[in-house]
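K.L.:
Here is my input; please provide its structure:
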Amino acid sequence: MPHILLIENDPAILQNLQEYLRLQDFQITAVSGQRDAQKLLEQHTFDLLLVDIALDDGDGFAVCTATKGKGLPVIFLTASGDEGSVVRGLDMGADDYIAKPFRPRELVSRIRNILRRYAPENAVVKIGDLRIDTDKGTLEKDGVPLSLSALEWRLLMMFLNNRGKLLTRERLLEEIWDIAGDFVNDNTLTVYIKRLREKIEDDPQQPALIQTARGRGYRMD
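P.N.:
Numbers count the residues shown, from 1 in each chain. Down below sits the predicted model:
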């Protein structure tokens, strides 16, 4: 279970976010200030740092500096429109940022994407005759490379990261919206599911990998 250090000075966000992330199968250690975060970084090992830029007793930049040399991925939480802070954080080596207010599911998706990048030994996943390299972003079927669009790849990663779990159409639409940046309707989702199945399934008419739960959504077992 990935262990995340969450540093956030807003008590409501701190409590709600740590509860939500725990439900998503993350181990969470949460603090509100720079000094407490730096002490924890000296004493414990974490898999990812999720840090607010504005802290009561300092700032997230100092916490980020303390992680240098540890190989610890960092995601900044920042006020919407604070472009200067975003640039500074990325220049310091942060892996990503997300502006407040944000959708928790989008944050979870970004966390999982970054954790995959930092775990190359687990980057290659084999499902049936599919070979998926999440580090390189490549897909093969029976040794033959397949080309996916950005939206098809996002859908495949959603299914891969949630194997055995039911994904509702509403949740899948949220993920597609994040990457497309344009309005995506229910019919569009149906089209992309169909295209993905045509590429990865032996028989797209009777799919074995991406199964339909009638009236509820889809699941990859």
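
K.L.:
And the residue nearest to the spatial centre of the chain, what's its pLDDT?
P.N.:
Geometric centre of the chain, nearest residue: S109, 2.2 Å, by C-alpha atoms, centre = their mean. Looking at S109, its pLDDT stands at 89.

K.L.:
pretty sure it is in a helix, no?
P.N.:
Yes: secondary structure assignment places S109 in a helix (DSSP: H, G, I helix; E, B strand; the rest coil).

K.L.:
Identify each buried residue in stretch 50-59, please.
P.N.:
L50, V51, D52, I53, L55, G58, D59 (16 or more other C-beta atoms under 10 Å). Where you see a C-beta, it was placed from the backbone N, CA and C, and this is true even at glycine.

K.L.:
Could you identify the most distant pair in those residues?
P.N.:
L50 and G58 (16.2 Å; C-beta to C-beta).

K.L.:
Tell me where the chain is predicted with low confidence.
P.N.:
Applying pLDDT under 70 to the chain flags the ranges 68-70, 80-82, 119-122, 175-184.

K.L.:
Please enumerate the helices of this protein.
P.N.:
In the chain, the segments counted as helices under DSSP state H are 11-23, 34-43, 60-66, 83-91, 104-117, 150-161, 169-180, 186-200.

K.L.:
how about the ones you listed, which one is nearest K126?
P.N.:
Set against K126 and scored by C-beta to C-beta, the helices of the chain come closest in helix 150-161, at 11.1 Å.

K.L.:
same for that closest one, what does it pack against?
P.N.:
Contact analysis of helix 150-161 by 3 or more C-beta pairs under 8 Å, 6 or more residues apart in numbering; DSSP states H and E lists helix 104-117, helix 169-180, helix 186-200, strand 217-220 as its packing neighbours.
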